[in-house]
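In: Okay, here's the prediction I keep looking at, along with the sequence it came from:
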Amino acid sequence: MNISNAQRAKVLVQALPYIQNYNGKIVVVKYGGNAMINEKLKDSVMRDIVLLSLIGVKVVLVHGGGPEISEMLTKIGKESQFVDGLRVTDKETVDIVQMVLAGKVNKSLVNLIENKGGKSIGLSGMDGHMIEAKVKDERLGFVGEITKVNIQPVLDVIEKGYIPVISTVGCDDEGNVYNINADTAAAKIAGELRAESLISMTDIAGILRDKDDPETLIPKIHIDEAPELIEKGIIQGGMIPKVECCTNAIKWGVRKVFIIDGTIPHSILIETLTDEGIGTMFTGEK
């Protein structure tokens with residue numbers, strides 16, 4: 001698509017108040033789903049993050065890596081098992097989780113950001129005991145429930161002008177490593193940072209009144225409305241824990257939370273820098 005210089009100027013002018021609003025503020029991006037395994041979408045996400053950083057937004061990237069973990073487990077001949085949507089994580093599996101998330105995935109994202117002209121440092125939840133955890137459910141093994149978040153390592157990296165890229169593995173005082181749900185970790189981290197916004201990238205448009213009709217997107221939800229939407233079945237299945245993370249993030253101190261479709265190129269920029277936006281916004285403000 002060819003656009004004129006006048007159209008480019010109009011886009012930039014429209015973005016100006018949003019740039020001013022977000023300048024110097026923290027935005028946490030929870031990254032996962034198809035946007036993480038599709039190379040073109042991955043390139044789009046990294047460009048968005050670098051651009052936001054260059055205009056003065058303090059971006060924090062929190063990532064999972066479920067498909068990569070499953071792929072590695074398949075390579076070693078280990079079958080993935082799930083209970084209530086959570087991966088059963090025995091000692092061998094948690095070693096793979098640590099290797100894949102804190103190693104391969106984390107460092108590849110850091111490398112991509114650097115190659116796009118950004119400055120980035122990779123962290124895991126174990127660094128500086130950033131994410132402390134305990135066993136969530138004995139049936140799940142080393143799947144962690146977060147007990148404490150030490151945000152100082154993230155603040156130190158931001159202060160030096162780098163984009164923190166955080167893999168969601170945690171630890172306890174006995175040296176055990178835990179697989180942590182990325183949505184929960186992102187919400188906790190964003191809350192501790194008192195972030196201006198948390199952007200949760202998913203594979204759907206947002207919250208739909210009719211799951212089969214994209215035209216029924218609900219653009220804005222007050223956190224008090226969420227229980228009723230769950231009760232009516234408008235929010236159901238795997239979206240329920242995601243929405244609970246969104247509402248908890250607001251309660252923990254985040255100003256706005258967005259669920260957006262990460263399969264749309266540059267969806268982060270569309271949400272943060274345009275009048276129309278994209279996806280569903282959660283807020284606690286009346």
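Out: Nice, I can see it. Numbers count the residues shown, from 1 in each chain.
In: List the contacts of the spatially closest residue to Gly161 that is not a sequence neighbour.
Out: Leaving aside its sequence neighbours, Gly161 sits nearest to Lys119 (Cβ to Cβ, 6 or more residues apart in numbering; 5.9 Å). All C-beta atoms are positioned from the backbone trio N, CA, C, and that covers glycine. Lys119 makes contacts with 53, 113, 161-163, as judged by Cβ atoms under 8 Å, 6 or more residues apart in numbering.
In: And the lengthiest helix in the chain, what does it pack against?
Out: As assigned by DSSP state H, the longest helix anywhere in the chain is helix 5-22. Packing partners of helix 5-22 (3 or more Cβ pairs under 8 Å, 6 or more residues apart in numbering; DSSP states H and E): helix 267-273.
In: same for the next helix or strand after the helix it packs on, what does it pack against?
Out: Using DSSP states H and E, the helix or strand that follows helix 267-273 towards the C-terminus is strand 280-283. Judged by 3+ Cβ pairs under 8 Å, 6+ apart, the packing partners of strand 280-283 are strand 220-222, helix 239-252, strand 256-261.
In: Let me have the ones you listed in a markdown table, adding mean pLDDT, distance to Lys42 and mean neighbour count as columns.
Out: What follows is the helices and strands packed on strand 280-283, written out as a markdown table (pLDDT from 0 to 100; distance: least, Cβ to Cβ, whole Å; neighbours: other Cβ atoms under 10 Å):
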| stretch | mean pLDDT | distance to Lys42 | mean neighbour count |
| --- | --- | --- | --- |
| strand 220-222 | 92 | 28 | 16 |
| helix 239-252 | 92 | 21 | 20 |
| strand 256-261 | 93 | 15 | 24 |
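In: among the ones you listed, which is nearest Asp90?
Out: Asp90 lies closest to helix 239-252 among the helices and strands packed on strand 280-283, at 22.5 Å (Cβ to Cβ).
In: tilt between the closest one and strand 256-261?
Out: 160 degrees (axes from the mean of the first three to the mean of the last three Cα atoms, to 10 degrees).
In: got any ranges where the protein has weak pLDDT?
Out: 1-3, 34, 286 (pLDDT under 70).
In: And the helices in it, which stretches?
Out: Secondary structure of the chain (DSSP H): helices located at 5-22, 34-37, 39-54, 66-75, 91-97, 106-115, 152-159, 182-193, 226-231, 239-252, 267-273.
In: Identify the farthest-apart pair in the contacts of Lys119.
Out: It's Ile113 and Gly161 that sit farthest apart of the contacts of Lys119, by Cβ to Cβ, at 12.8 Å.
In: Between those two, which is the more surrounded one?
Out: More crowded of Ile113 and Gly161, by other Cβ atoms under 10 Å: Ile113, with 25 against 9.
In: hang on, isn't that one packed against Lys107?
Out: No - counting by Cβ atoms under 8 Å, Ile113 sits too far from Lys107 to count as a contact (10.8 Å).
In: so what's Ile55 up against?
Out: 19, 22-23.
In: and if you look at Leu109?
Out: Leu109 neighbours (Cβ under 8 Å, 6+ apart): 31, 46, 61, 63, 120, 122, 165.
In: Brilliant, that's me finished.
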